Every structure is written in C-alpha cells, then in structure tokens.
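Novice: Any chance you can model this:
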Amino acid sequence: MSNLKEIRRRIGSVSNTKQITRAMKLVSAAKLRRAQDAATGGRDFSKRLDRILAELMGSLPEDFSHPLLEKREAVKKRRLVVVSGDRGLCGPYNTNVQKAVIRELEASEAENVELDMIAIGRRAVSTANARGWNLVEGYESLATDPTEWPISEITTRCGNDFESEDCDEVILLYTHFHSAVSQEVTRVSLIPFEGTPVGTEAEVQSKEEEGPQSLNKTKCDPDAESIVSELINVLISSKLTQAILESRASEHAARMTAMDAATNNASDLIGKLKLTYNRARQSAITTELIDIVGGAEATSG
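Specialist: Here you go, the predicted model:
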C-alpha cells in the first residue's frame, strides 16, 4: 500500500507541474504574438532607413567621411554587445547565446585581440560575472516599453569609445527570430556602421513597391552630408533596438516551445505512472485474494 501511495503522490505532483507548464506555454504564446508583431514591424522601418542612407551615400562627395564609418585596418580591441534573456525555462535560448560569446572569446584570443562586453539581460550579466568575463556594463530587466530602454546610452558610449580608439569595432550578438520554431544567434557589426548596399534583393523589392522615385533626385535641406551624419546615429540605435525586439520574440518562442514539450512529457509520464499504479493495485488485489482463498481452505480443512 505504501508503494501505491507513493505512485499517487507522484501522479499528483506531475499533474501540478503539467498545469504550471501549460499555463506558462499559454502566457508565452500571448506574449509571442505581440513581440513578433513588434519585431516584424521594426524590420520594415530599418530597411527603409537603410535604403534612404544607401541612396544618399551615392550623392555624397568622394572626400566625405564619418568617424562611425571608418573601418580600422588592425583590430586590437573588440567590444561585444550581447542580448540575452532575463529568465530561464526557455530551452537552449540563453545557452546558444552563451556559446556564441565563448566562440567570440576564443576567436579574439587566437587573433590576439582584447575583448570586453556590454551585456543586456540578466542571464548574460550573471554568466559574465560568474565566468570572469570583462564586463563593461550590464543591463537587467528591461522595461516593457522600448522607449525606456537604454539604447541611446549604449550607442553613445560605444560611439564615443570607438572614436577615442578605446575599441576598434563593436559587434552585436543577438537571437534573430525566423519563426515560432526557428531562432538563430546572429553576429552583426554595429560600429563601424555597415548599411545594406543598394541593389540587393531587398532593396530592389523595396524600390518596386515604392515606385521609381529616387532620393538622388530629391533636394536635401540641409545638405546631404548633415543628413547622413545624423542618419548613421539613428540607424545604429535602430539596429540595436531591432536586435532586442528580435531577441524578445525569440525568447518567447523558445519558452513556448520548451513549455509545450514539458507539458507533453508530463502527460506521457502521468500515463506511465497510471499504468504502473493500476498494475501495482491489481497485483495487490490478487495477492489479497490469494491470501483470503488460502485462509478459507485452511479453515475448511
């Protein structure tokens, strides 16, 4: 009987866990819809800005230069801006980001490049502190409203450090959202800024949608150089904002998938425990019947 009680207790415990994981799955699914809309909407905005900059660059004089566009010949100091989650229970999401950081550390060490890091997300911050990585700044528990994110603070600091040669490049690591079942850790250059070149498939499609009008035929007030100088800073901030939006959508998708798998595993385990319980109960009943029959035969004999 004690064995039966233990099985019943386990069935109750797994059932409670199943309810929790199912609730977390539903919450993540609801958050994913909002995060996915924000991420896909931000992509269109970034593509339009990229197109505007690319066409304006074509009308600039050959001697035009901007400190955030200058690519250093020799990279001696590299900075990583890493975007992770604040919580766990989202499958391999945070682990994949951590593995990407480790690959960057190994590559920098092989290239004899000094590397430091700005971490966005509690998991990245705690991992950096635990492993002794060179953490410049850490940001945890970002607000729900993107306007309250420290985007300007991060981009301004990275831009100033790049101009003062405290770092020679700034690399952004985040998780790109493809679909609810597919997310990929992505590495892009944040500084020096690298825009989307004119003539790519995305640009051609964008031009077809917007018509034949070109910005090269449009008068700029003030001059194109001033607009480009301001637009580069906007695009760097936009790229970081988009990375966080993509990462949030990826985190919710990964958590939804993980909780769905946990719920299914709990259902399978409950089925196995019930089968074990029924077999044990049947065996106990059979043993009791044998004892009763044996006792009756001994009494009658």
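Novice: Longest helix in this structure, by number of residues?
Specialist: Criterion DSSP state H: the longest helix present in the chain is helix 224-300.
Novice: Off-centre distance for it?
Specialist: Mean C-alpha position of helix 224-300 versus that of the full chain (Cα atoms, centre = their mean, to the nearest Å) differs by 20 Å.
Novice: Could you do stretch 137-152 as well?
Specialist: Remark: stretch 137-152 is offset 15 Å from the chain centroid, using Cα atoms, centre = their mean.
Novice: Just list what the strand or helix carrying L53 packs against, helices and strands only.
Specialist: Assigned by DSSP states H and E, L53 belongs to helix 2-57. Secondary-structure packing of helix 2-57 (3 or more Cβ pairs under 8 Å, 6 or more residues apart in numbering; DSSP states H and E): helix 201-210, helix 224-300. Backbone N, C-alpha and C define where each C-beta goes, glycine included.
Novice: right, and the helix or strand after that helix?
Specialist: strand 77-83.
Novice: right, and the helix or strand after that next one?
Specialist: According to DSSP H and E, the helix or strand after strand 77-83 is helix 93-110.
Novice: so where's the stretch 101-250 of the chain uncertain?
Specialist: 195-221, 223-224 (pLDDT under 70).
Novice: If you compare the directions of the helix holding L53 and helix 224-300, what angle comes out?
Specialist: 170 degrees (axes from the mean of the first three to the mean of the last three Cα atoms, to 10 degrees).
Novice: now helix 2-57: how far from the chain's centre is it?
Specialist: With Cα atoms, centre = their mean, you get 11 Å for helix 2-57.
Novice: what about I52, neighbour count?
Specialist: The local packing of I52 (other Cβ atoms under 10 Å) involves 17 other residues.
Novice: and it, what pLDDT?
Specialist: We have a pLDDT of 78 for I52.
Novice: List the buried residues for stretch 173-189?
Specialist: L173, Y174, T175, H176, F177, A180, Q183, V185, T186 (16 or more other Cβ atoms under 10 Å).
Novice: Output the helices and strands packed on helix 2-57 as TSV; include the columns mean neighbour count and distance to D37.
Specialist: TSV is the format used below for the helices and strands packed on helix 2-57 (neighbours: other Cβ atoms under 10 Å; distance: least, Cβ to Cβ, whole Å):
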stretch	mean neighbour count	distance to D37
helix 201-210	12	20
helix 224-300	17	9
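Novice: who wins for proximity to K25 among the ones you listed?
Specialist: Nearest to K25 among these is helix 224-300; the distance by Cβ to Cβ comes to 3.8 Å.
Novice: So which other helices or strands are in contact with the closest one?
Specialist: Under the contact definition 3+ Cβ pairs under 8 Å, 6+ apart, helix 224-300 sits against helix 2-57, strand 77-83, helix 93-110, helix 151-163, strand 169-179, strand 182-191.
Novice: Tell me which of these sits most buried.
Specialist: Of all those, strand 77-83 has the most neighbours on average by mean count of other Cβ atoms under 10 Å, namely a mean of 24.
Novice: Of all the helices and strands packed on helix 224-300, which one is nearest A254?
Specialist: helix 93-110 (3.9 Å).
Novice: per-domain residue ranges of this protein.
Specialist: 2-27+258-300, 33-256 (automatic domain parsing).
Novice: Off-centre distance for the longest one?
Specialist: Using Cα atoms, centre = their mean, the distance from the centre of domain 33-256 to the centre of the chain it belongs to is 13 Å.
Novice: quick one: terminal-to-terminal distance for that domain?
Specialist: One end of domain 33-256 sits 11 Å from the other (Cα to Cα, to the nearest Å).
Novice: Now the helices and strands packed on helix 224-300 in TSV, please, with extra columns for distance to I292.
Specialist: Below are those laid out as TSV (distance: least, Cβ to Cβ, whole Å):
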stretch	distance to I292
helix 2-57	19
strand 77-83	69
helix 93-110	57
helix 151-163	77
strand 169-179	62
strand 182-191	61
